[in-house]
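1. Next input, structure requested:
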Amino acid sequence: VLRIEKIGIYDNFFEIGGHSLLATQVISRIRKDLEVELPLKTLFSAPTIAGISEGVERLKGTAVLIPAIIAEIRPKRIPLSFAQQRLWFLDQLLPNQSLYNIPMALRLKGQLDIDALEKALDYIIQRHEILRTHIESEEGEAYQVINLDFRFILERVDLRSVVGKARNEEASRLIRAEASRPFELGKGPLIRGKILILGSEENIFILNMHHIISDGWSFDIFLKELRGAYNAYRRGDSPIDLPLMIQYADFAIWQRNWLQGEILEKQLEY
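-> Predicted coordinates for the structure are as follows:
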């Protein structure tokens, strides 16, 4: 997870590059490979391989394993996951806010093929249903709607005619404006992109998503796939990715089916 070749069993996870998102990945890998449901707090209280090993040994054969996520026949209305429902509720409570925007601005130096970048972004959005999903509701019940006809348009803003210091100031203003612009969960799209053209080999790529369709862990996956797809389109090829076995909608359905009855009561009691 840390992409470090040599790690001692007493090296502190957080002192050699770990943080909370990576900690979640470690717990996920332990669950998958060792079939143990290790609490996340274990890694915080004993952040070494030696400490984690003791926790794994104690839990072997006692933990309730979470069932595998599989793609099933979907209902007419796809439910929200619990995380999505929290964000939707907050949006009802405080509408027209940008509190849960996930904005990013990257300064790109060198020749940029903007058409290839736009194609790459559209490819990823077609590949991941959640990125072309919005939220509708009826009588207080919210559900996911996946847009089947969505096509991503990368907005282009040419700032080459703006001279000197004013160009960077205008670029900063546009970045702040995009970051603070709310999303409409009931309409979508919940992802936006913009290219600020500063010169022949200098551009700023702005990407903004609502937290209801993405998170910090997912962002690394997004950027990795974006690099691969962009390079493929720039060569004149098509991206080659393994098909996705499940989508986020499948996870939401699985979570609702699993977290109920005694298991849900245990969580609520906690």
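
2. pretty sure Met104 is in contact with Ile206, am I right?
-> Yes - using CB atoms under 8 Å, Met104 is in contact with Ile206, at 7.2 Å. To be clear about C-beta, it is placed using only N, CA and C from the backbone, and glycine gets the same treatment.

3. Can you point out the buried residues in stretch 68-84?
-> Ile78, Pro79, Leu80, Ser81, Gln84 (16 or more other CB atoms under 10 Å).

4. Count the neighbours of Arg234 for me.
-> When neighbours are defined as other CB atoms under 10 Å, Arg234 has 16 of them.

5. where's it relative to Arg227, distance?
-> Going from Arg234 to Arg227 by CB to CB, to the nearest Å gives 11 Å.

6. swap in Glu170?
-> Using CB to CB, one gets 28 Å for the distance from Glu170 to Arg227.

7. The two - which one has more neighbours?
-> Set Glu170 next to Arg227 and count neighbours by other CB under 10 Å: Glu170 wins out with 15 against 11.

8. Now do the more buried one, the pLDDT please.
-> Note on Glu170: pLDDT of 97.

9. Can you list phi and psi of it for me?
-> With angles defined as degrees, to the nearest 10, Glu170 sits at phi -70, psi -40.

10. is it true that it touches Ser161?
-> No - in this structure, Glu170 is not within contact of Ser161 by CB under 8 Å, at 10.4 Å.

11. quick one, helices of the stretch 51-200 of the chain?
-> 82-93, 114-127, 165-179 (DSSP state H, counting those that start in this stretch).

12. Phe222: which of the ones you listed is closest?
-> Each of those has some distance to Phe222 by CB to CB; the shortest is helix 114-127, at 6.5 Å.

13. how close does Leu226 sit to Leu242?
-> Distance, Leu226 to Leu242, by CB to CB: 16 Å.

14. next one: Ile135
-> In this view, Ile135 and Leu242 are 29 Å apart by CB to CB.

15. which one of these two has more residues nearby?
-> Between Ile135 and Leu242, Ile135 has the larger neighbour count (other CB under 10 Å), namely 23 against 5.

16. Tell me what angle the lengthiest helix in the chain forms with helix 114-127.
-> When the chain is parsed with DSSP state H, its longest helix is helix 216-235. Angle of helix 216-235 versus helix 114-127, following axes from the mean of the first three to the mean of the last three CA atoms, to 10 degrees, is 130 degrees.

17. Tabulate the CA atom coordinates of helix 216-235 in PDB.
-> Extracted as PDB, the C-alpha positions of helix 216-235 are listed here (Å, rounded to 0.1, in the frame of the first residue of the first chain):
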ATOM      1  CA  GLY A 216     -10.200  10.700  -1.800                       C
ATOM      2  CA  TRP A 217      -9.400   7.100  -2.300                       C
ATOM      3  CA  SER A 218     -11.300   7.000  -5.600                       C
ATOM      4  CA  PHE A 219      -9.400  10.100  -6.800                       C
ATOM      5  CA  ASP A 220      -6.100   8.200  -7.100                       C
ATOM      6  CA  ILE A 221      -7.900   5.600  -9.300                       C
ATOM      7  CA  PHE A 222      -9.400   8.300 -11.400                       C
ATOM      8  CA  LEU A 223      -6.000  10.000 -12.100                       C
ATOM      9  CA  LYS A 224      -4.300   6.700 -12.800                       C
ATOM     10  CA  GLU A 225      -7.000   5.800 -15.400                       C
ATOM     11  CA  LEU A 226      -6.900   9.300 -16.800                       C
ATOM     12  CA  ARG A 227      -3.200   9.100 -17.500                       C
ATOM     13  CA  GLY A 228      -3.600   5.800 -19.200                       C
ATOM     14  CA  ALA A 229      -6.600   6.800 -21.300                       C
ATOM     15  CA  TYR A 230      -5.000  10.200 -22.300                       C
ATOM     16  CA  ASN A 231      -1.800   8.600 -23.500                       C
ATOM     17  CA  ALA A 232      -3.700   6.000 -25.500                       C
ATOM     18  CA  TYR A 233      -5.900   8.600 -27.200                       C
ATOM     19  CA  ARG A 234      -2.800  10.800 -27.900                       C
ATOM     20  CA  ARG A 235      -1.200   7.800 -29.700                       C
END
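
18. Before I go, just wanted to say thanks for your time.
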